[in-house]
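Undergrad: Next come a sequence and a model predicted from it.
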Amino acid sequence: MASSSSLLVAIFSFIFLCSLVAANEVSVGGKSGDWKIPPSSSYSFIEWAQKARFKVGDFIVFRYESGKDSVLEVTKEAYDSCNTTNPLANYTDGETKVKLDRSGPFYFISGANGHCEKGQKLSLVVISPRHSVVSPAPSPVEFEDGPTLAPAPTSSSARLGGGYVVLGLVLGLWAWF
């Protein structure tokens, strides 16, 4: 009887801890999730990105009308000048999900003519794994080529690392045997 209850504890511990370190899917612009020209000059995608904390493994989701707009992942230089000619990646499907697969800055602009110049562009910084629970947010100096972003609040689930999964596995297996 004790071994079956220990097994259940181990399984639930593992599932719980895995859910804490799962990647997040973040819709560009928040709840509306629309990738379009900002409605006013007082709003920008950069302001929105400053309020979020992105980590390696997260996905950013762009929603837009396929055939009328697109998302281009670009270099900082192309971002600054709204240059659409040589993107690193070109997405046109209408619901683009981009995996943030490294730490550092990412730059996105609209592929529709004139949209970037009207503010339809996004720069964000993905924090590195070394910025954990006890580390402060990266300073702007660490990303001299990227945007200067203020530290943003983060949830406890976004801060937990893979070490907790290993600990949960070890404790669960120990309880089982």
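TA: Looks like it came in fine.
Undergrad: phi, psi of E117?
TA: Backbone torsions of E117, given as degrees, to the nearest 10, read phi -60, psi -20.
Undergrad: Pull the contacting residues for it.
TA: C82 (Cβ atoms under 8 Å, 6 or more residues apart in numbering). Quick note: C-beta positions are derived from backbone N, CA and C, even for glycine.
Undergrad: now it: how far from V56?
TA: 31 Å (Cβ to Cβ, to the nearest Å).
Undergrad: How many residues are close by the closest residue to G119 other than its chain neighbours?
TA: Closest residue in space to G119, ignoring its immediate chain neighbours: P38 at 4.6 Å, by Cβ to Cβ, 6 or more residues apart in numbering. Using other Cβ atoms under 10 Å, P38 has 18 other residues around it.
Undergrad: Next one, pLDDT for P38 please.
TA: P38 is assigned 88 on the pLDDT scale.
Undergrad: Likewise for the one 5 residues further on?
TA: Predicted confidence (pLDDT) for Y43: 74.
Undergrad: How is it assigned, secondary-structure-wise?
TA: coil (DSSP: H, G, I helix; E, B strand; the rest coil).
Undergrad: how deep is it tucked in, by neighbour count?
TA: Y43: 12 neighbours (other Cβ under 10 Å).
Undergrad: Look up how far A112 lies from it.
TA: Applying Cβ to Cβ to Y43 and A112 gives a distance of 18 Å.
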